[in-house]
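S.K.: Predicted model and sequence follow; I will ask about them next.
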Amino acid sequence: MKEDQWFMQLAIEEAKKAEAAGEVPIGAVIVKDNEVIASGFNLRETSQLASSHAEFIAIERANEHVGSWRLEDCSLYVTLEPCPMCAGAILQSRIPRVVYGAKDPKAGCAGSLYQLLNDDRFNHKAEVVPGLMEETCGEMLSQFFRKLRAKKKKNPSTNN
Ligand SMILES: [Zn+2]
């Protein structure tokens, strides 16, 4: 779908905001009735909160926006495959459709390591569209880590 690419592009813009803040570039938007109602980007280093993942922040903002924990008519777009925590939040908020960019072989729970979003044993399932604009989303991440490694090599004392 054309709209999917449009909204993923907006999630990529969010990821760029994360990168500008020195964070790993991951971004998310939540769409209802073809309109973005919430967005978020990774802020883990800034907030020092383990829950500050892009899609987790976006879900909390969308909850606030609609005044409900249920996001039944919404779609979530995120540049990186959701981790177990975020997949859990997707199930808990009843989001019916998730579109993601790059796969995460180390934490992905929307197909890579587990498929939490499409398991009959849970009381909710989401449609998953994997790998949309995968290259752009993945390249953003690999470039970020390449730069980080180069910086560390140059100045090993700033090890964290
Ligand atoms: Zn997450």
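M.R.: That came in fine, so what should we check first? Please read these numbers as outputs of a predicted model, since none were measured by experiment.
S.K.: Report the buried residues of the helix or strand containing A87.
M.R.: Assessed by DSSP states H and E, A87 sits inside helix 84-92. Buried residues in helix 84-92, counted by 16 or more other Cβ atoms under 10 Å: C86, A87, G88, A89, I90, L91. C-beta coordinates here come from the backbone N, C-alpha and C atoms, glycine included.
S.K.: likewise stretch 54-68?
M.R.: Buried residues in stretch 54-68, defined by neighbour count with 16+ other Cβ under 10 Å: A54, E55, F56, I57, A58, I59, E60, R61, A62, N63, V66.
S.K.: what secondary structure does the third one sit in?
M.R.: F56 carries the three-state label helix when classified by DSSP: H, G, I helix; E, B strand; the rest coil.
S.K.: List just the nearest of the buried residues of helix 84-92 to the ion.
M.R.: C86 (3.3 Å; Cβ to the ion).
S.K.: Identify the residue nearest the closest one in space, chain neighbours excluded?
M.R.: Distances taken as Cβ to Cβ, 6 or more residues apart in numbering place E55 nearest to C86, at 4.7 Å, with adjacent residues excluded.
S.K.: Check which helices and strands the helix or strand bottoming out on mean pLDDT in the chain sits against.
M.R.: One helix or strand of the chain scores below all others by mean pLDDT, DSSP states H and E: helix 134-154, with a mean of 95. Where contact means 3 or more Cβ pairs under 8 Å, 6 or more residues apart in numbering; DSSP states H and E, helix 134-154 is packed against helix 2-20, strand 74-80, strand 97-102.
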